[in-house]
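# output the structure for:
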Amino acid sequence: MNSRWLKGCAYPECWCDSTAAVTAPQQERAVMEEEEEVVVVVEEVVATRRPGPAEEGMSASGDEDDNSREGVGGGSLFYVNRSGIPLDKSTWERMWSHVGRVHPGGKEMVRSIRQCTELPKVPVPSLPTLLPAVAMLDRLKAIQKYMMDLQYNHTGTQFFEIRKNRPIAGLMDLARDMVREALPIKCLEAVILAIYLTNGLPGVERFPLSFRTRFGGSAFRHVVLGVCVGGRYGALGLSRRPELMFKAATHAGLAPLVADFRQAYSGYRHAVTRLKVGLYVPHDPRSFQQVEWRHLVVDVSRLSSEELRRDLDKHARDMKVLKGVTLPVSPGKERRKSVASTSSTSSPHRAPCGSPQRRASRVEKLPLAAEKKPEPNFLMEEGYKIRV
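This is a model prediction of the structure:
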């Protein structure tokens, strides 16, 4: 089953990016506000009902470590493909069913595509050629252009399952699959692909940068790959909004880079509430070290601009100090849940415990005085002791 033609066909460009044909700033903001209201309504409808059997595998929006809400207008839940490539029949049908529910064209649009016998051939983008003679900033732009040529995934089904606790070697294998299949991707997939494409670039340090924002009473999450080139900071990534993905590596520090993203979010009336910054990702594609996704977690809503700048500057220094240092890995999310459930339920071979038993002291372990044998008396009548 060849699913490359999905790129852009399930969600036409006129609906995916409503602002492409609008030039006036007032009209552009009005279109974005209408699109955001539609997505928030969809999210409320999905959240008020229990997921059925067909929705197993849908990404949960309430998990801190899950990247189910991305960018502006990304509050609706989406499915994650766990069957691999090519998609199995159940995942394939579930994807089309979800598209028919959320797309303005509805099932008519789905039927028109699936019954079409002559679909246009979608060009497969080629990997960028990163010659040593090319400036580093131009190489990063070429990498960003390649990811944009793959296009953002609007189908409501993430094609590649990303587990953040996997080692770097496993994530790089997944990135090779993304290059081979050339399917649309979401923001978390773009971060893994950007790590793969920037491996081996001299003088380029990479670190994950995650945002959590609030709009209309809903929480939204987004992640990009921060880059540091010669002391200048930028970002690589993918989003439905051009201001929330690529940032040229021209910012003087980590704090100005975050301020740039916050300003971009404010243009869409989103308030950044939480910020997570990881550590430098090793360049070894065969490393079994895990990506440190959130070494620094900042509650932006409770800090002033000066306090936030001070924390980010300190973290930028810590990233340089901890470069190449392997930190102890915390247990994964599923492992923590299993341990918690195991500890909460008592073992069937263990007696029901009431009050905690007190440990016997050393004195209590000694035999009673009545049971002690009398010591032999070596004293004679004269009062001196016979040495034996």
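
# only C-alpha atoms from now on, for both contacts and neighbour counts.
Will do.

# show me where the stretch 101-250 of the chain has its helices.
With DSSP state H, counting those that start in this stretch as the criterion, the stretch 101-250 of the chain has helices at 106-114, 136-150, 168-181, 187-198.

# which of the ones you listed is buried the deepest?
Most buried of the helices of the stretch 101-250 of the chain, by mean neighbour count (mean count of other C-alpha atoms under 10 Å): helix 187-198, with a mean of 24.

# tell me the pLDDT of S218.
With respect to pLDDT, S218 has a value of 89.

# and what of H295?
pLDDT, H295: 95.

# residue contacts, the nearest residue to it once chain neighbours are set aside?
Leaving aside its sequence neighbours, H295 sits nearest to G278 (C-alpha to C-alpha, 6 or more residues apart in numbering; 4.8 Å). G278 makes contact with 207-209, 291-296 under the criterion C-alpha atoms under 8 Å, 6 or more residues apart in numbering.

# among the residues you listed, which two are most distant?
Distance extremes for these: the farthest pair is V291 and L296 at 13.4 Å, using C-alpha to C-alpha.

# those two: which is more packed in?
V291 (20 against 15; other C-alpha atoms under 10 Å).

# quick one: that one and R302, what's the gap?
Applying C-alpha to C-alpha, to the nearest Å, the value for V291 to R302 is 27 Å.

# now H295
19 Å.

# these two: which is more packed in?
H295 (14 against 11).

# surely that one and K276 touch.
Yes: in terms of C-alpha atoms under 8 Å, H295 counts as a neighbour of K276; the distance is 7.2 Å.

# in this structure, where is pLDDT below threshold?
Within the chain, the segments meeting pLDDT under 70 span 1-76, 327-388.

# which residues touch the closest residue to M148 other than its chain neighbours?
Leaving aside its sequence neighbours, M148 sits nearest to L238 (C-alpha to C-alpha, 6+ apart; 7.0 Å). Counting by C-alpha under 8 Å, 6+ apart, L238 makes contact with 147-148, 152, 186-187, 190, 224, 244-246.

# mind running it again at 7 Å?
Residues near L238 by C-alpha atoms under 7 Å, 6 or more residues apart in numbering: 148, 152, 186-187, 190, 245.

# do the same with L254
L254 neighbours (C-alpha under 7 Å, 6+ apart): 233, 312-313, 316.
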